[in-house]
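predicted model and sequence below, questions to follow.
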Amino acid sequence: MKITSIVAAACFSVAACGGGGGNVASLAPLDHVSAVRGFMNAVGDENVTNMAGLWGTEDGLAADRMNQDELVQRLSVIMAYLAHDRYELTDGTDALVSTADVRQVTVRMSRGSCESDVPFTVVRSGGGWLVKSMDLEAAVSPSRRCDGR
């Protein structure tokens, strides 16, 4: 299966579930670990609205500054790469990139027989924390078969 097919399917499923559209309220948690857990739970639920409420920069939600179609497209690609059967946060954060306002958290994800460790960068924004980025190259490609998936 080509990656474009997977991304198209992800876009369709997001639209079908009502995952895009409307205003996104910030769900920014008070700690960086909760931000990553919330984001990964939203990925697992295929809930682009909740993903959008946890994704941004130090300046706030990406949804507040990005065209809605582009936002849904980007989050759909992220969702395709981060699709998982289960995940866990590894112990600790990377001290080399962690500061008072920036934290790196590694997520160990499993999809079928495939596993990957994906670093997430989380930033303080206003009174909470948002997922700023993740290394999608470290994730299992959506086109890779993992026990039939």
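The structure has been received and is ready for your questions. Numbers count the residues shown, from 1 in each chain.

worst mean pLDDT across the helices and strands of the protein, which element?
Sorted by mean pLDDT, DSSP states H and E, the helices and strands of the chain end with helix 3-16, the least confident at a mean of 39.

tell me the helix or strand right after that one.
helix 32-44 (DSSP states H and E).

so what touches that following helix?
27-29, 48-51, 54-55, 78-79, 82-84, 87, 89, 93, 103, 105, 107, 109, 120, 122, 128-131 (Cβ atoms under 8 Å, 6 or more residues apart in numbering). (Each C-beta comes from the backbone N, C-alpha and C, glycine too.)

can you rerun that using 7 Å?
Contact with helix 32-44 is made by 27-29, 50-51, 54-55, 79, 82-84, 87, 89, 103, 105, 107, 120, 122, 129-131, as judged by Cβ atoms under 7 Å, 6 or more residues apart in numbering.

buried ones among the residues you listed?
For these, a burial check counting by 16 or more other Cβ atoms under 10 Å picks out 27-29, 50-51, 54-55, 79, 82-84, 87, 103, 105, 107, 120, 122, 129-131.

how close does the residue sitting nearest the centre point of the chain get to Asp45?
What sits nearest the mean C-alpha location of the chain, by Cα atoms, centre = their mean, is Phe39, with 5.1 Å. Taking Cβ to Cβ, to the nearest Å as the criterion, Phe39 is separated from Asp45 by 11 Å.

how about Arg108?
When Arg108 is compared with Asp45 (using Cβ to Cβ), they lie 19 Å apart.
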